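**Student:** this one's sequence-less:
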């Protein structure tokens with residue numbers, strides 16, 4: 001059975017038009033399917049959980065951006081999703097999950113792969129945990145400056161305008177520069193795999209990565225492997241603001257790791273304790289602000305159609 005969860009507002013309200021193209025292919029192939037359209041924030045999570053509870057072997061395809069996909073994995077991870085195969089038609093502005101797996105953004109190519117798949121990947125599922133609860137992710141989770149960027153990208157009207165011009169990546173650059181001017185660092189303690197402890201008096205951000213890139217292609221962890229059962233971590237602190245300006249351009253090509261103040265780790269779990277509440281994100285979606293955060297690899301994997 002084929003199920004589709006569609007965000008009609010994806011890609012600046014073009015989601016429904018993209019779905020119609022997919023629907024034409026389904027009709028031409030005479031495929032039996034069910035489609036569900038998201039109506040509010042969190043709806044995709046509820047829909048995914050309901051589909052998983054059926055416990056039937058099926059292909060669940062998400063048509064939307066990384067945010068919609070994040071809601072779906074958040075719903076699936078609360079159930080036994082071992083009988084679900086995940087398909088994806090990327091229609092967001094960042095599309096980091098699709099980029100990381102080499103999934104096409106062409107609707108026809110995606111539908112051909114979903115209906116007649118020839119290659120799969122078992123992708124690690126990560127978890128971000130605070131006092132408020134758990135959030136799951138496929139791309140990354142982070143705390144500090146990068147999470148603040150994600151939170152503000154969601155609110156700026158510039159995002160929709162740039163998406164229409166197919167220049168959505170510039171939204172992240174604009175917000176990053178704007179926030180940096182007034183950004184206040186604070187001390188944090190970081191514990192790796194419940195052993196090694198690091199203290200940074202001037203902390204900017206930490207990204208726990210499953211994929212190599214986040215934020216529309218920023219390769220914070222160029223060595224990350226989405227099937228290895230581990231997190232790759234980029235920790236940034238104790239460097240002047242001027243260096244942050246050079247961090248992002250070099251991070252797009254993964255050359256930032258040589259800078260003083262950039263620390264790279266590979267682990268299964270990382271705990272962050274901050275002096276004050278800091279913004280947190282999962283796959284670019286805001287997860288509130290907290291002083292304590294644990295990011296870990298759950299050791300669960302989801303089967304994803306590649307082509």
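**Tutor:** Okay, I see it. In this text the structure is predicted, and so the values were computed from the model without any measurement.
**Student:** drop to CA atoms for contacts and neighbour counts, all remaining ones
**Tutor:** Fine.
**Student:** What helices and strands are in contact with the helix or strand hosting residue 110?
**Tutor:** Element membership for residue 110, per DSSP states H and E: helix 107-115. Applying 3 or more C-alpha pairs under 8 Å, 6 or more residues apart in numbering; DSSP states H and E, one finds that helix 107-115 contacts helix 15-28, strand 84-90.
**Student:** Export these as JSON lines, with columns for distance to residue 179.
**Tutor:** Output for those, formatted as JSON lines (distance: least, C-alpha to C-alpha, whole Å):
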{"stretch": "helix 15-28", "distance to residue 179": "30"}
{"stretch": "strand 84-90", "distance to residue 179": "28"}
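**Student:** Kindly reformat the ones you listed as TSV containing mean neighbour count and mean pLDDT.
**Tutor:** Compiled in TSV, those are given as follows (neighbours: other C-alpha atoms under 10 Å; pLDDT from 0 to 100):
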stretch	mean neighbour count	mean pLDDT
helix 15-28	15	95
strand 84-90	25	97
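**Student:** just to revisit the earlier point, the inter-axis angle of the helix holding residue 110 versus helix 15-28?
**Tutor:** 50 degrees (axes from the mean of the first three to the mean of the last three C-alpha atoms, to 10 degrees).
**Student:** Can you identify the element that follows helix 107-115 toward the C-terminus?
**Tutor:** Counting by DSSP H and E, what follows helix 107-115 is strand 120-130.
**Student:** can you pull the buried residues of that following strand?
**Tutor:** 120, 121, 123, 124, 125, 126, 127, 128, 129, 130 (16 or more other C-alpha atoms under 10 Å).
**Student:** about what we covered before: list the buried residues of the helix holding residue 110.
**Tutor:** Using 16+ other C-alpha under 10 Å as the test for burial, helix 107-115 gives 107, 110, 111, 113, 114, 115.
**Student:** My guess is the second one contacts residue 98. True?
**Tutor:** No - at 10.8 Å, residue 110 does not count as touching residue 98 under the criterion of C-alpha atoms under 8 Å.
**Student:** Need the overlap of contacts for these two.
**Tutor:** 88, 104 (C-alpha atoms under 8 Å, 6 or more residues apart in numbering).
**Student:** Quick one, which of the helices and strands packed on helix 107-115 gets closest to residue 143.
**Tutor:** Proximity to residue 143 (C-alpha to C-alpha) singles out strand 84-90 among the helices and strands packed on helix 107-115, at 25.1 Å.
**Student:** what residues does that closest one touch?
**Tutor:** Counting by C-alpha under 8 Å, 6+ apart, residues outside strand 84-90 touching it are 52, 56-66, 98, 103-107, 110-111, 114, 302-305.
**Student:** filter those residues to the buried ones?
**Tutor:** Counted by 16+ other C-alpha under 10 Å, these give 52, 58-66, 98, 103-105, 107, 110-111, 114, 302-305 as buried.
**Student:** the bottom helix or strand of this structure by mean pLDDT?
**Tutor:** helix 158-164 (a mean of 58; mean pLDDT, DSSP states H and E).
**Student:** Would you state the helices of the protein in chain order?
**Tutor:** Shown for the chain, the helices assigned by DSSP state H span residues 10-13, 15-28, 43-53, 66-76, 96-101, 107-115, 145-155, 158-164, 169-182, 241-251.
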